[in-house]
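# sequence first, predicted coordinates after that:
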Amino acid sequence: MPELPEVETVRRGLLPVMERAVITKADIRRPDLRWPFPPDMAARLTGARILGLRRRSKYILANLDTGETLLIHLGMSGRMLISGGTVGDFHFNHPAPEKHDHVVLDFDNGARVTFNDPRRFGAMDLLNTDTAEEHKLLKVLGPEPFGNEFNETYLAEKLATKTAPMKSVLLDQRIVAGLGNIYVCEILFRTGISPRKQAKKLRQRDIAALVPAIRDVLSEAIEAGGSTLKDHRQADGDLGYFQHSFKVYGREGESCVNTECNAKIERISQSGRSTFYCPTCQR
DNA sequence: CATAAAACCTGTTGGC
DNA sequence: TGCCAACAGGTTTTAT
């Protein structure tokens, strides 16, 4: 489900119910997702107050007042659903747990946050807040696309020696963090770069164009509340809308959106993932 | 080291 | 309607 825009949308949805709230109960309904949970995770979460929620790449990080940070990754199919709480005079009840509801957190404000993940590629872990960046899952990440570290000079240096195709390179979280299959396709279309193009063969002007294109596509997607394909929901249950703005993703066989272009969008497979692109507009 | 393929899971979809 | 293959938003691990 989630690339950076979806994760950011989920974070923003969780913020009003989780920030400053205390976890009154942690129901860990199975021992693992992608990896085993810390065996005492429930005890370490219970009674903790959430001081803040931030995002690093596709990870949500909840800073606790216990000196620990709760790390959350949604994998391919993970969702965070809010229930309960009080809006005005109206009190909402909690629904019974459903299939694939793996972790249920209750808060002192009456709200409940449920982690649901059918494919279980998601993850949760607890780490020391002071050394969070050293966590094995975080230390391998490249710069945030919106950060100052990510710029034309940096990208040019990273691409200079790579023989891999641009599609693979932009999916590589060590180069820039947060992009996934959908948004890489959209970014390459917007910049007119072929997904098959070897990274080292990019022209400087294309490298220069990539930096703002990455930021623009991600910003627009966040603005739209992410993309809803199969199961992405904002934390409040609303749908994202950016899927209506896809220019190539999922459009195999359709006409290219450029009116002066007569080509059809093609789908190819690159390192096991589907790539959608216009063979005429992207060179 | 760089790159590609396989692996982890379950659910949905489309073709026959 | 039923069955089965293909595919799905990710990322680590294993192989080449």
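Yes, it's here. Just so it is clear, the model here is predicted, and its values are computed rather than measured.
# where does pLDDT dip in the stretch 51-200 of chain A?
Scanning the stretch 51-200 of chain A for pLDDT under 70 picks out A:86-89.
# for it, what spans make up the strands?
Taking DSSP state E, counting those that start in this stretch as the criterion, the stretch 51-200 of chain A carries its strands at A:59-64, A:68-73, A:79-84, A:86-87, A:90-91, A:101-107, A:111-116, A:123-128.
# compare those strands and give me the one nearest DNA strand C.
strand A:68-73 (6.3 Å; C-beta to the nearest atom of the strand). To be clear about C-beta, it is placed using only N, CA and C from the backbone, and glycine gets the same treatment.
# now distance to DNA strand B and mean neighbour count too, for the strands of the stretch 51-200 of chain A, in TSV please.
Formatted as TSV, the strands of the stretch 51-200 of chain A follow (distance: least, C-beta to the nearest atom of the strand, whole Å; neighbours: other C-beta atoms under 10 Å):
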stretch	distance to DNA strand B	mean neighbour count
strand A:59-64	17	21
strand A:68-73	12	22
strand A:79-84	12	20
strand A:86-87	29	9
strand A:90-91	30	8
strand A:101-107	11	22
strand A:111-116	10	22
strand A:123-128	11	18
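# can you name the residue of chain A nearest DNA strand B?
Closest residue of chain A to DNA strand B, C-beta to the nearest atom of the strand: residue A:119 (3.2 Å).
# quick one, what contacts that residue?
If you count contacts by C-beta atoms under 8 Å, 6 or more residues apart in numbering, residue A:119 has them with A:75, A:76, A:77.
# now it: how far from residue A:219?
Noted for residue A:119: a distance of 28 Å to residue A:219, by C-beta to C-beta, to the nearest Å.
# neighbours around the residue of chain A found nearest DNA strand C, how many?
Nearest residue of chain A to DNA strand C (C-beta to the nearest atom of the strand) works out as residue A:180 at 1.9 Å. If you count neighbours by other C-beta atoms under 10 Å, residue A:180 ends up with 20.
# for it, phi and psi?
phi -130, psi -170 (degrees, to the nearest 10).
# wait, it touches residue A:5, no?
No. Contact criterion C-beta atoms under 8 Å: residue A:180 and residue A:5 do not qualify, at 9.3 Å.
# please parse chain A into its domains.
A:4-134, A:152-277 (automatic domain parsing).
# ok, for residue A:171, nearest residue in space, not its chain neighbours?
What sits nearest to residue A:171 in space, not counting adjacent residues and going by C-beta to C-beta, 6 or more residues apart in numbering, is residue A:184, at 5.6 Å.
# run a quick neighbour tally on that neighbour.
For residue A:184, the number of neighbouring residues by other C-beta under 10 Å comes to 25.
# same thing with residue A:78?
Burial of residue A:78 is recorded as 29 neighbouring residues (other C-beta under 10 Å).
# which stretches of the stretch 101-250 of chain A form helices?
Assigned by DSSP state H, counting those that start in this stretch, the stretch 101-250 of chain A shows helices spanning A:152-159, A:166-171, A:181-191, A:204-223.
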